[in-house]
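Peer 1: Kindly generate the corresponding structure for this input.
(one chain, ligands or ions: 1)
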Amino acid sequence: MLELKQVSLKFGTSQILNAIDFRLQPGERVGVLGSSGAGKSTLLKLAAGLLKPSHGTYLNAYRHPLLVFQEPRLLPWRSIHDNIEIPLLAAGVPRKEARLRAMHWLERVDLPDAGKAWPAELSGGMAQRAALARAFALQPDLLLLDEPFSALDPALRVALSRLCNECVRDTGAALLCISHHPHELVEMVDRCVLIAGGKLQAFDFEDARNSQSRAATAHLLHQTLLRQETPGADQTKRTVA
Ligand SMILES: Nc1ncnc2c1ncn2[C@@H]1O[C@H](COP(=O)(O)OP(=O)(O)OP(=O)(O)O)[C@@H](O)[C@H]1O
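Peer 2: So this is what the prediction gives:
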């Protein structure tokens with residue numbers, strides 16, 4: 001389990017997160033929303049252990065947290081297969097198993113013939129699929145997605161969200177996922193948190209399996225986000241100590 005208790009984080013004098021409490025249970029899937037600069041990526045980096053809180057308690061029992069960024073970040077001088085296999089070898093996976101896992105995940109993300117290709121030969125969507133294959137091959141128990149599909153066109157974004165959703169459900173990994181698209185996000189998660197003014201606001205779905213409940217929650221999230229992004233809205237103001 002991941003647990004943040006009364007966690008605050010400052011960059012210089014800017015208070016980004018202010019005494020937040022957050023828990024992520026094994027297998028739980030949580031969406032993170034908020035206006036630009038609200039602190040979503042900061043929360044993910046905290047969860048990944050890449051940032052330390054200025055105050056409060058950080059407890060993380062996940063052994064294999066994995067952060068996936070907006071850009072695929074593939075090694076340009078190695079083949080797609082190598083891009084997936086190299087991190088596995090670095091993690092101590094035997095070569096034969098690493099090869100099989102790389103092939104399995106390339107197939108799973110619908111790139112069965114791309115193993116020998118160079119990253120520069122792939123479209124944006126294909127490169128992001130390869131990045132997902134690399135992530136899932138590492139068998140994370142906590143997957144942290146920082147808007148991984150935001151640079152793609154809407155149809156591709158929806159397709160990759162669905163694929164990612166299936167893979168997360170198949171592996172049972174816990175998920176913390178940032179998105180600016182409430183309607184897509186609610187299809188992937190059990191609940192959402194919204195960051196505003198350094199605080200977390202919870203949006204629980206009445207019944208995550210009920211599409212009407214998901215649609216209503218997405219609508220509410222959308223309206224709340226719009227209010228935040230309106231210039232001068234109170235919620236976007238951040239405490240500056
Ligand atoms: N390393 C850093 N040093 C100083 N300030 C930082 C640092 N990282 C982020 N910030 C600031 O913290 C605030 C929150 O940044 P963060 O990247 O978490 O926002 P975000 O909600 O993910 O935004 P976006 O949706 O635009 O990606 C921003 O004002 C940003 O400029």
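Peer 1: Near the ligand, which residues of this structure are found?
Peer 2: Residues of the chain that fall close to the ligand, judged by Cβ under 6 Å from any ligand atom: F11, I16, G34, S36, G37, A38, G39, K40, S41, T42. For the C-beta atoms, the positions are set from N, CA and C on the backbone; glycine is no exception.
Peer 1: Give me the buried positions along stretch 179-193.
Peer 2: Residues of stretch 179-193 classed as buried by neighbour count (16 or more other Cβ atoms under 10 Å): S179, H181, P182, E184, L185, V186, E187, M188, V189, D190, C192, V193.
Peer 1: Just the ones of the residues you listed in helices?
Peer 2: P182, E184, L185 (DSSP state H).
Peer 1: how close does R29 get to the ligand?
Peer 2: According to Cβ to the nearest ligand atom, to the nearest Å, R29 and the ligand sit 19 Å apart.
Peer 1: and that residue, what are its bridge partners?
Peer 2: Under DSSP bridges, the beta-bridge partners of R29 are L175.
Peer 1: What ranges in this protein fall below the confidence cut-off?
Peer 2: For the chain, the stretches flagged by pLDDT under 70 are 206-209, 230-241.
Peer 1: how's it carved up into domains?
Peer 2: 2-64+140-236, 76-139 (automatic domain parsing).
Peer 1: Could you look up the SS state of the residue positioned nearest the centre of the chain?
Peer 2: Nearest residue to the geometric centre of the chain (Cα atoms, centre = their mean): L145, 1.5 Å. Put simply, L145 is strand when judged by DSSP: H, G, I helix; E, B strand; the rest coil.
Peer 1: With adjacent residues omitted, what lies nearest to it?
Peer 2: Using Cβ to Cβ, 6 or more residues apart in numbering and skipping the chain neighbours, the partner closest in space to L145 is C177 (4.2 Å).
Peer 1: Then A19?
Peer 2: The shortest distance from A19 to any non-neighbouring residue, by Cβ to Cβ, 6+ apart, is to Q6 (4.9 Å).
Peer 1: got the contact list for the one you found?
Peer 2: A19, I20, D21, H55, G56, T57 (Cβ atoms under 8 Å, 6 or more residues apart in numbering).
Peer 1: Do a quick rundown of the strands in the protein.
Peer 2: For the chain, the strands defined by DSSP state E cover 2-11, 14-24, 29-33, 55-60, 65-68, 142-146, 174-178, 191-196, 199-204.
Peer 1: who wins for proximity to G124 among those?
Peer 2: Ranking these by their distance to G124 (criterion: Cβ to Cβ) puts strand 65-68 first, at 14.6 Å.
Peer 1: how long is stretch 37-50 from one end to the other?
Peer 2: One end of stretch 37-50 sits 18 Å from the other (Cα to Cα, to the nearest Å).
Peer 1: buried ones in it?
Peer 2: Across stretch 37-50, burial judged by 16+ other Cβ under 10 Å covers A38, G39, K40, S41, T42, L43, L44, K45, L46, A47, A48.
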